[in-house]
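Chemist: sequence plus predicted model, see below.
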Amino acid sequence: MNAGLAIGVEASKLPLWRHPAFVVPFGTCAALALLLPRWWTPLQAALFDLEFGLAAVLPSEDLARSAGLLLPGVAFGLGLLASFSPCVLPLVPLNLAAIGVAEATGWRAVARSGGFVLGAAVALALLGLVGEVSGFLLIEQRGPVLLGAGIALLYFGAVALELLPLPFAGRGPAGGARLGPIGAGAAFSLVTTPCASPFVGAVLAAAAAQGVPGLASASMVAFAVGYTALVFVAGALGGGIVRRLKQRSFDAPRAAAAALLVVAGLGFGAAGIAWF
């Protein structure tokens with residue numbers, strides 16, 4: 001009994017990068033990478049079809065008649081869908097840690113989570129204001145953008161594996177937070193925007209086609225609300241739940257999330273390098 005318990009304790013102390021939940025999905029993706037020529041070309045074509053298909057459908061005449069109301073609603077739904085992507089969903093625990101939800105309860109937790117949403121909304125609203133520039137970067141100059149996103153996701157993967165510190169978490173030398181919830185939300189949205197580039201590009205193209213002043217920014221704000229909904233809900237539940245979860249061993253989910261981040265980072269980085 002004691003020997004079995006000791007073995008279990010030693011196993012639980014394994015580095016996350018040696019955990020089966022990391023090794024298996026990462027190894028599977030490595031094997032798929034060896035077969036890259038067979039599946040990447042049709043997948044890339046499908047992604048391009050999705051992106052330009054959305055861009056062609058959203059600015060339709062039916063939408064133009066009620067663009068002021070319908071497009072932001074569509075953008076919210078696309079943002080919510082994009083929040084479940086493999087390079088965004090694993091970041092939810094890191095985002096909660098970055099805004100300090102574990103130390104907050106009640107309305108303080110709601111306020112911090114709301115600040116995160118506000119930061120993301122402001123950042124994406126600015127993308128809406130410069131919609132032509134944003135669309136050019138996300139579609140025509142996507143190589144540097146994808147490479148930067150890949151590096152950022154690899155860093156966050158290392159953070160999830162506890163190999164590097166969480167950026168902007170904790171407190172600075174003067175005792176103040178190094179980056180508040182608003183700044184964390186803005187950084188999150190800008191870093192992960194390439195993950196949602198088909199949806200973001202389609203929303204920007206649709207808004208530009210309508211010619212309604214402020215529609216692009218309003219749509220991107222709605223997109224940001226959907227994009228950060230998971231973080232807001234998880235954070236608003238309060239620090240008590242987060243603290244109780246931290247008391248349990250969640251090595252397997254954390255290792256699996258890290259594997260997704262590393263794979264996504266490598267994929268975006270490779271796509272960015274291939275663009276040049």
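Modeler: Received the coordinates, thanks. The model shown is predicted, which means the values in this text are computed figures rather than measured ones.
Chemist: pLDDT weak spots in the stretch 51-200 of the chain?
Modeler: Per-residue confidence for the stretch 51-200 of the chain (pLDDT under 70) gives these ranges: 51-69, 102-104, 131-142, 167-179.
Chemist: strands of this structure, start to end?
Modeler: For the chain, strands defined by DSSP state E do not occur.
Chemist: and residue 273, how many neighbours?
Modeler: 12 (other C-beta atoms under 10 Å). Backbone N, C-alpha and C define where each C-beta goes, glycine included.
Chemist: my bad, residue 130
Modeler: Around residue 130 sit 14 other residues, with neighbours defined as other C-beta under 10 Å.
Chemist: residue contacts, the residue nearest to residue 123 when sequence neighbours are not counted?
Modeler: Excluding the flanking residues, the one nearest residue 123 by C-beta to C-beta, 6 or more residues apart in numbering is residue 186, at 4.0 Å. Neighbouring residues of residue 186 by C-beta atoms under 8 Å, 6 or more residues apart in numbering: 119-120, 122-123.
Chemist: ok, so of those, who is nearest residue 276?
Modeler: Comparing the contacts of residue 186 against residue 276 with C-beta to C-beta picks out residue 123 as the nearest, at 26.4 Å.
Chemist: verify the contact between the closest one and residue 184 for me.
Modeler: No. The pair residue 123 and residue 184 fails to qualify as a contact (C-beta atoms under 8 Å) at a distance of 10.8 Å.
Chemist: quick check, nearest of the contacts of residue 186 to residue 225?
Modeler: Proximity of the contacts of residue 186 to residue 225 was ranked by C-beta to C-beta; the top entry is residue 120 with 8.2 Å.
Chemist: can you pull the contacts of that closest one?
Modeler: With contact set as C-beta under 8 Å, 6+ apart, residue 120 has these partners: 185-186, 188-189, 224, 227-228.
Chemist: farthest pair in the residues you listed?
Modeler: Within the contacts of residue 120, 186 and 227 form the most distant pair, 12.2 Å apart (C-beta to C-beta).
Chemist: do you know how far the closest residue to residue 89 other than its chain neighbours is from residue 196?
Modeler: Nearest residue to residue 89, sequence neighbours excluded (C-beta to C-beta, 6+ apart): residue 83, at 6.8 Å. Taking C-beta to C-beta, to the nearest Å as the measure, residue 83 and residue 196 are separated by 8 Å.
Chemist: now do stretch 29-47, average pLDDT.
Modeler: For stretch 29-47, mean pLDDT rounds to 66.
Chemist: among residue 123 and residue 184, which residue is more densely surrounded?
Modeler: Neighbour comparison, residue 123 and residue 184: the larger count goes to residue 184, with 28 against 21 (by other C-beta under 10 Å).
Chemist: can you tell me the closest non-neighbouring residue to the more buried one?
Modeler: Using C-beta to C-beta, 6+ apart, the closest residue to residue 184 is residue 98 (4.6 Å).
Chemist: got it, and residue 274?
Modeler: If the residues on either side of it in the chain are set aside, residue 274 comes closest to residue 143, at 7.9 Å by C-beta to C-beta, 6+ apart.
Chemist: so what's the one you found up against?
Modeler: Taking C-beta under 8 Å, 6+ apart, we find residue 143 in contact with 271-276.
Chemist: out of those residues, which are buried?
Modeler: For these, a neighbour count by 16 or more other C-beta atoms under 10 Å gives the buried set as 271-272.
Chemist: closest to residue 158 out of the contacts of residue 143?
Modeler: Proximity of those to residue 158 was ranked by C-beta to C-beta; the top entry is residue 272 with 18.4 Å.
Chemist: more crowded one of residue 83 and residue 196?
Modeler: A count of neighbours by other C-beta under 10 Å puts residue 196 above the other of residue 83 and residue 196, at 24 against 20.
Chemist: quick check, the more buried one in contact with residue 82.
Modeler: Yes. Under the contact definition of C-beta under 8 Å, residue 196 touches residue 82, with a separation of 3.8 Å.
Chemist: any common contacting residues for these two?
Modeler: Both residue 196 and residue 82 are contacted by 88, 227, under the criterion C-beta under 8 Å, 6+ apart.
Chemist: quick one: residues contacting the closest residue to residue 264 other than its chain neighbours.
Modeler: Excluding the flanking residues, the one nearest residue 264 by C-beta to C-beta, 6+ apart is residue 87, at 3.6 Å. With contact taken as C-beta under 8 Å, 6+ apart, residue 87 is in contact with 149, 153, 192, 195, 260-261, 264-265, 268.
Chemist: noted, bye for now.
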